[in-house]
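>>> after the sequence you'll find the predicted model.
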Amino acid sequence: MTISKRVMDSKKTNKLEVITNHLLIGDIKQSLSLSQEYLENDDKSPELWHLLAKFVYKGNKNLAEKAFAESFKCDDSNIDVYFDFAKHHSYYKNIDESNVVLNAILESNEQYDEAYRLLGNNYFQVNDIELAFEYLKKAYEINPLNTKLLNELGLVVKELYDFETAKFLLREGITNDATDASSHFNLGLIELLLNEYEEGWKHFEWREYLITSEKKVNLPFPMPKYDEENLEGKVLFVHHEQGFGDTIQFARYLPELLKRGAKLKVSVHSSLKKLFEKAFIKFKDIQFIKYIEESYTCDYHISMMSLPYSLCLYLPIEEFDFKIRRKNNKLIEDKKFNIGLSWKGNEEHTNNHNRSVELKMFEKLFTMSHIQVFSLQKEITKEEKNLMSKKVIHIGNKFKSFYDTAEIIQELDLVISVDTSISHLSATLGKKTWILIPYIPDWRWGIKNNTTPWYKNVTLFRQDKNKNWDHVIDKVCNLLISSENR
């Protein structure tokens, strides 16, 4: 190699390092400017195109794919670029395209463990648990010390109902990296599912260190986080976290704080505020606030879902019954057995595909002459509206807040719901509630029994290992038929 060639290659390397350093500190604008300057002088750099595709254009599908194509033009032999191309497809839910690239990589190098790992995660995305397990297992055989892999394999094994092995894998991940928040958090979810509450709540606290934005529990408040200090005479800011149902379920801990001498400022979702103000109206030391700024004079802050651990109340405590006035609704007739129905949850929820049921599966329920069904869904599709016809009264579209929903639920005889906020609201109101839950349920419902320590008036209807809803709906309908014949 000539001296001039070595100098030119050195300049290219230095330029790439500068661009990479800007990427590492999140300065996308400067890295893009330098990249464009570099490309004007040398558009044959596969490394630069790779950087552009992987980092600079991430989130811009078309530009990223163009950059990948340019990188392949310059050099089509770099297996790592192909792997990042597969990750790109996976990011945009193009699972088939991603798998094609990954299988091609494995034909070239059957020891490329990250390809097996991504294949496993791709199949997990489409709910093919068996194939997900097979590919993650192959990755594990090649690299058993990968903490992220151990976490992912643990989640897949959990879906196979092997909870002890799942816990073992997650603990192995923690042994490898004691600071890995995902391993701690997912271990906590399994422990809570198995009613191992003390350890479960401890590991559940690691969610505040997760990168995922939906589980932020330690926001930059000007006051310290509550950590078992004496609360006598103190003002505590309690902030909501995660979903509506979580907030309703964990509201039971607010009176416990009052018993310890605290005054409370509490933030809840805006659609829950009126409901909570009415339910807790007799508690003069609880103020429900709308703006975070109203909390800045408080002594401490804490997330509502951290209260079981912070208060050392590891076992579920009795629910706080929301007392809401009854509203005589003209649509609800006393001569009928009135049922509120909620069959689907928020489509953005990561587990919605497992917990929701198609409305058509309840058609048998609609034909029972002694029953009137009310749809409690806020939004329904055109197909669902046609299916309801005159047999189901859609009342959910009239709800402006959870207080409106609560008023209607008070008038009903029974609520049948999948695992959504409606089930928590109904149960907290003291209404007889039947909850339909998937084979691998959310942590709060446990894995055994048709009852739950969280709500005394709830009956759980569980999927069997076939993971279909047919026998669950049949059981519900048969119970309603038998009740008519009594």
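Everything's here; your move.
>>> going by C-alpha atoms from here, please, whenever you check contacts or count neighbours.
Noted.
>>> and the strands in the stretch 251-400 of the chain, which stretches?
Remark: strands assigned in the stretch 251-400 of the chain by DSSP state E, counting those that start in this stretch are 263-267, 286-289, 300-303, 337-342, 371-375, 392-394.
>>> just for the stretch 151-300 of the chain, where's the confidence low?
211-220 (pLDDT under 70).
>>> what about the helices in it?
In the stretch 151-300 of the chain, the helices defined using DSSP state H, counting those that start in this stretch lie at 163-176, 181-193, 197-204, 244-250, 254-259, 273-279.
>>> and the third one, how far out from the chain's middle?
Taking the mean of its C-alpha atoms, helix 197-204 sits 18 Å from the chain's own mean (C-alpha atoms, centre = their mean, to the nearest Å).
>>> now do it against helix 181-193, angle only.
If you take axes from the mean of the first three to the mean of the last three C-alpha atoms, to 10 degrees, helix 197-204 sits at 160 degrees to helix 181-193.
>>> numbering from 68 from now on, please.
Yep, numbering from 68; the last one is helix 264-271 now.
>>> what's helix 264-271 in contact with?
251-259, 373, 375-376, 381-382 (C-alpha atoms under 8 Å, 6 or more residues apart in numbering).
>>> over to the shortest one?
Residues outside helix 321-326 that contact it (C-alpha under 8 Å, 6+ apart): 298, 330-331, 352.
>>> same list, the residues you listed, but as CSV with neighbour count and distance to Ile369 please.
Shown next, in CSV, are the contacts of helix 321-326 (neighbours: other C-alpha atoms under 10 Å; distance: C-alpha to C-alpha, whole Å):
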residue, neighbour count, distance to Ile369
Leu298, 18, 12
Lys330, 23, 13
Leu331, 26, 11
Asp352, 16, 17
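>>> from Asn533, how far off is Glu430?
Distance, Glu430 to Asn533, by C-alpha to C-alpha, to the nearest Å: 22 Å.
>>> neighbour count winner among the two?
Using other C-alpha atoms under 10 Å as the criterion, Glu430 and Asn533 rank with Glu430 on top: 15 against 9.
>>> do you know the pLDDT at the residue nearest the centre of the chain?
For the chain, the residue nearest the mean C-alpha position is Thr417 (4.8 Å; C-alpha atoms, centre = their mean). As predicted, Thr417 sits at a pLDDT of 73.
>>> now swap in Leu91 and tell me
pLDDT, read off for Leu91, is 66.
>>> tell me where the stretch 68-217 of the chain has helices.
Using DSSP H, counting those that start in this stretch, the helices of the stretch 68-217 of the chain run over 70-91, 95-108, 113-118, 128-141, 146-158, 162-175, 180-192, 196-209, 214-226.
>>> Serialize those to a markdown table and add fields for distance to Lys542.
Conversion of the helices of the stretch 68-217 of the chain to a markdown table gives the following (distance: least, C-alpha to C-alpha, whole Å):
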| stretch | distance to Lys542 |
| --- | --- |
| helix 70-91 | 56 |
| helix 95-108 | 56 |
| helix 113-118 | 56 |
| helix 128-141 | 47 |
| helix 146-158 | 39 |
| helix 162-175 | 36 |
| helix 180-192 | 30 |
| helix 196-209 | 27 |
| helix 214-226 | 24 |
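>>> picking up where we left off before, which of the contacts of helix 264-271 count as buried?
251-259, 373, 375-376, 381 (16 or more other C-alpha atoms under 10 Å).
>>> pipe those into a markdown table and attach distance to Ile447 per row.
As requested, these are exported to a markdown table (distance: C-alpha to C-alpha, whole Å):
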| residue | distance to Ile447 |
| --- | --- |
| His251 | 38 |
| Phe252 | 34 |
| Asn253 | 33 |
| Leu254 | 36 |
| Gly255 | 35 |
| Leu256 | 32 |
| Ile257 | 33 |
| Glu258 | 36 |
| Leu259 | 33 |
| Ser373 | 34 |
| Pro375 | 36 |
| Tyr376 | 38 |
| Tyr381 | 39 |
